[in-house]
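Asks: Got a predicted structure plus its sequence, pasted below:
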Amino acid sequence: MRNGPTVFFVFLAISSVAAAAGLASCVSSPESPAAAATPVQLLPIEQRKISVAGEVRSYWISGLESPKSEARAVLFVLHGGSTADGRVTLRFGFQDIAAREGFVTVHPNGRGEGWNDGRGTDFLIQRGDGADDIAFFRTMIDHLVDEGIADPARIYVTGGSNGGMMTLRLACELSDRLAGVASFSASLPKPLSETCRPVRALPVLLIAGDADLLMPFDGGPVAPMSGDDRGEVIGAPRTFSYWASRNGCRDDSFQRSEWPDRVPDDGTRVKLDAGVDCVAPVQLMTVVGGGHRLPGESERIASDPRRARLSGISSQEVSGADYIWAFLKENALTPQ
């Protein structure tokens with residue numbers, strides 16, 4: 001075993017409903033709209049604190065009440081910007097899927113108002129997004145593995161918006177520790193696209209709405225209406241092409257499936273692009289008409305009309321959380 005970090009435990013019995021509803025006010029910027037109070041199961045969640053390079057960082061963990069004693073798959077679920085409380089991600093319901101399928105979810109807390117996702121603008125650094133988050137994730141993974149909670153071959157990351165871009169940064173810099181990632185409402189930050197050097201092919205799923213007002217589908221400034229320099233992204237299609245190339249997929253080839261419009265009244269439809277002959281799978285789910293939302297979210301996301309307009313539509317054609325887990329769980333990290 002490694003010499004593990006100093007670990008502090010804070011136990012809290014909390015309902016997922018209370019966390020999602022009570023923390024909605026923490027998410028207030030256009031970059032990460034307010035949380036919906038989506039009804040989910042009442043599950044225990046525990047807060048843990050660890051020391052990372054002399055700084056105390058923390059995360060929430062759910063699923064430890066399972067009677068299983070063996071190491072399990074672990075899914076990190078990353079919050080968006082303008083908050084540092086991972087409990088806002090409970091609204092997506094991954095912890096409920098975990099309760100059914102026997103894995104563990106970890107909901108880390110950022111520092112300041114978000115994650116150091118590779119954009120690195122002065123505005124983002126000043127608001128507190130300059131932490132060494134790569135070290136934070138390495139330390140969390142080391143501890144969870146050493147404690148026998150995490151199966152080191154089945155560690156996954158998902159997240160949206162600022163958390164989605166951080167997910168992609170982890171794919172670039174922690175590909176040696178991860179079995180797969182899924183990013184939604186996000187694409188590669190422009191600076192990161194120029195420095196990203198994963199050491200192995202990594203399964204990558206992207207979910208993006210082509211009507212996202214905050215994270216431009218085809219690339220450009222993030223949340224330009226905010227008036228702050230939140231950096232630029234290269235867009236979902238180029239991010240898909242980037243990972244297809246990294247994963248050795250056949251050049252300029254992909255399989256596209258147009259899904260039937262099962263919910264005609266929601267104003268969206270779904271198409272899925274998949275890389276061909278890849279070393280590791282790469283998919284882009286495009287939600288035509290979709291906004292800055294995970295598909296399958298509750299339609300009510302904000303009482304503020306402006307925030308609701310910026311958030312846009314959550315497609316009801318598919319449960320994004322279920323699709324993400326179905327994609328990730330088919331992959332395991334193999335020794336290099």
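Replies: Ah, there it is.

Asks: Show me where the stretch 151-300 of the chain has its helices.
Replies: 162-173, 190-195, 236-246 (DSSP state H, counting those that start in this stretch).

Asks: can you pull the buried residues of the shortest one?
Replies: I take that to be helix 190-195. 190, 192-193 (16 or more other CB atoms under 10 Å). Bear in mind the C-beta positions are built from the backbone N, C-alpha and C, glycine included.

Asks: same deal with the last one?
Replies: By neighbour count, and taking 16+ other CB under 10 Å as the criterion, the buried residues in helix 236-246 are 236-244, 246.

Asks: distance of residue 60 from residue 46?
Replies: To residue 46, residue 60 is 7 Å away according to CB to CB, to the nearest Å.

Asks: Which of the two has more residues huddled nearby?
Replies: Taking neighbours as other CB atoms under 10 Å, residue 60 and residue 46 compare with residue 60 leading, 24 against 17.

Asks: Can you say which helix or strand has the nearest residue to that one once chain neighbours are set aside in it?
Replies: Nearest in space to residue 60, with sequence neighbours left out and distances taken as CB to CB, 6 or more residues apart in numbering, is residue 107 at 4.2 Å. Using DSSP states H and E, residue 107 maps to strand 104-108.

Asks: I'd like the mean pLDDT over that strand, please.
Replies: For strand 104-108, the mean pLDDT works out to 98.

Asks: ok, and what's touching that strand?
Replies: Contact with strand 104-108 is made by 45, 57-64, 66, 72-79, 86-87, 89-90, 94-95, 98, 136-137, 140, 144, 149-150, as judged by CB atoms under 8 Å, 6 or more residues apart in numbering.

Asks: about what we covered before: including pLDDT, could the buried residues of helix 190-195 go into TSV?
Replies: Listed next are the buried residues of helix 190-195 as TSV, based on pLDDT from 0 to 100:
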residue	pLDDT
190	97
192	96
193	97
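
Asks: and those as a markdown table, adding distance to residue 204?
Replies: Formatted as a markdown table, those follow (distance: CB to CB, whole Å):
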| residue | distance to residue 204 |
| --- | --- |
| 190 | 18 |
| 192 | 14 |
| 193 | 13 |
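
Asks: the bottom helix or strand of the chain by mean pLDDT?
Replies: None of the helices or strands of the chain scores lower by mean pLDDT, DSSP states H and E than helix 16-22, at a mean of 33.

Asks: Now do the following helix or strand past that helix: which elements does it pack against?
Replies: For helix 16-22, the succeeding helix or strand toward the C-terminus, using DSSP H and E, is strand 45-52. Counting contacts by 3 or more CB pairs under 8 Å, 6 or more residues apart in numbering; DSSP states H and E, strand 45-52 packs against strand 7-12, strand 55-62, helix 133-146.

Asks: Tabulate these (CSV), appending distance to residue 267.
Replies: Conversion of the helices and strands packed on strand 45-52 to CSV gives the following (distance: least, CB to CB, whole Å):
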stretch, distance to residue 267
strand 7-12, 39
strand 55-62, 33
helix 133-146, 36
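
Asks: With residue 90 as the reference, measure out to the closest residue to residue 284 other than its chain neighbours.
Replies: In space, residue 284 comes closest to residue 240 once its chain neighbours are excluded; the distance is 4.0 Å by CB to CB, 6+ apart. Between residue 240 and residue 90 the computed distance is 29 Å (CB to CB).

Asks: now the residue lying closest to residue 116 once chain neighbours are set aside: how far from residue 52?
Replies: With sequence-adjacent residues excluded and distances taken as CB to CB, 6+ apart, residue 116 is closest to residue 133, at 4.7 Å. According to CB to CB, residue 133 and residue 52 sit 9 Å apart.

Asks: Who has more neighbours out of the two?
Replies: residue 133 (24 against 19).

Asks: Please list all residues in contact with the more buried one.
Replies: 110-111, 115-116, 166, 169.

Asks: which one of these sits closest to residue 324?
Replies: residue 166 (15.5 Å; CB to CB).

Asks: Pull the contacting residues for the nearest residue to the closest one once chain neighbours are set aside.
Replies: Spatial nearest neighbour of residue 166, excluding adjacent residues (CB to CB, 6+ apart): residue 115 at 3.7 Å. Residue 115 makes contact with 78, 81, 129, 133, 162-163, 165-166, 169, according to CB under 8 Å, 6+ apart.

Asks: Report the lowest-confidence entry in those residues.
Replies: Minimum pLDDT across the contacts of residue 115 falls on residue 129, with 74.

Asks: I'd guessed it sits against residue 118; true?
Replies: No: with contact defined as CB atoms under 8 Å, residue 129 does not reach residue 118; the gap is 10.2 Å.

Asks: Common neighbours of these two, please.
Replies: What both residue 129 and residue 118 touch, as defined by CB under 8 Å, 6+ apart, is an empty set.

Asks: Can you tell me how far residue 111 is from residue 49?
Replies: Residue 111 is 13 Å from residue 49, by CB to CB.

Asks: Which one's more surrounded, these two?
Replies: More crowded of residue 111 and residue 49, by other CB under 10 Å: residue 111, with 20 against 15.

Asks: and the closest residue to the more buried one other than its chain neighbours, how many neighbours does it have?
Replies: Using CB to CB, 6+ apart and skipping the chain neighbours, the partner closest in space to residue 111 is residue 131 (4.2 Å). Neighbour count for residue 131, taken as other CB under 10 Å: 19.
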